[in-house]
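Q: The sequence and its predicted three-dimensional model are supplied below.
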Amino acid sequence: MSVAYSGHVALVTGGAAGIGRATALAFAARGLKVVVSDIDAAGAEQTVQLIRDVGGEAACVPCDVTRDAEVAALMAKVLATYGRLDYAFNNAGIAIEKGRLAEGSED
């Protein structure tokens, strides 16, 4: 690609495994700094280590995206760590029994 990603920061929720991990690795391979977030902190740390093992820069911030306070803390940590956020891959899954996400509440 012709776009320069140097210095850009990406956040990947649900980054402990599967599509989230693959996306985090792909971002890192293109030179982005990656914040990996997941409710599975150990898995997210493994993704971070995979990125670091190939010379990339990454940070782990465990987060349950169904909790407003944890999402606020995640965003604060991203900004405190890298001072910016350029891309967000909102991959973390949540269960909704009825209705639409927009109609839901944290409860």
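A: Great, that's in hand.

Q: Tell me, how many residues neighbour the closest residue to residue 30 other than its chain neighbours?
A: Distance criterion C-beta to C-beta, 6 or more residues apart in numbering; nearest residue to residue 30, sequence neighbours excluded, is residue 5 at 5.1 Å. Every residue, glycine included, has its C-beta placed from N, CA and C. Applying other C-beta atoms under 10 Å, we find 17 residues neighbouring residue 5.

Q: where does residue 5 land in three-state SS?
A: Using DSSP: H, G, I helix; E, B strand; the rest coil, the structure places residue 5 in coil.

Q: can you check the one 5 residues further on too?
A: Judged by three-state DSSP, the three-state class of residue 10 is strand.

Q: And it, how close does it get to residue 89?
A: Using C-beta to C-beta, to the nearest Å, residue 10 is found at 7 Å from residue 89.

Q: With residue 40 instead?
A: 16 Å.

Q: which residues do residue 10 and residue 89 both contact?
A: Contact with both residue 10 and residue 89 is made by residues 24, 27, according to C-beta atoms under 8 Å, 6 or more residues apart in numbering.

Q: Of these two, give the one with the bigger neighbour count.
A: Neighbour tally, residue 10 and residue 89, criterion other C-beta under 10 Å: the higher count belongs to residue 10, 25 against 18.

Q: Now do the same contact list for that one.
A: Neighbours of residue 10 in contact, by C-beta under 8 Å, 6+ apart: 24, 27, 32, 33, 34, 35, 85, 86, 87, 88, 89.

Q: re earlier: now for the residue nearest to residue 30: which residues touch it?
A: Applying C-beta under 8 Å, 6+ apart, we find residue 5 in contact with 27, 30, 31, 32.

Q: next one: residue 85
A: 9, 10, 11, 35, 75, 78, 79.

Q: Please identify the nearest residue in space to residue 71, excluding sequence neighbours.
A: Among residues not flanking residue 71 along the chain, residue 65 sits closest, at 5.9 Å (C-beta to C-beta, 6+ apart).
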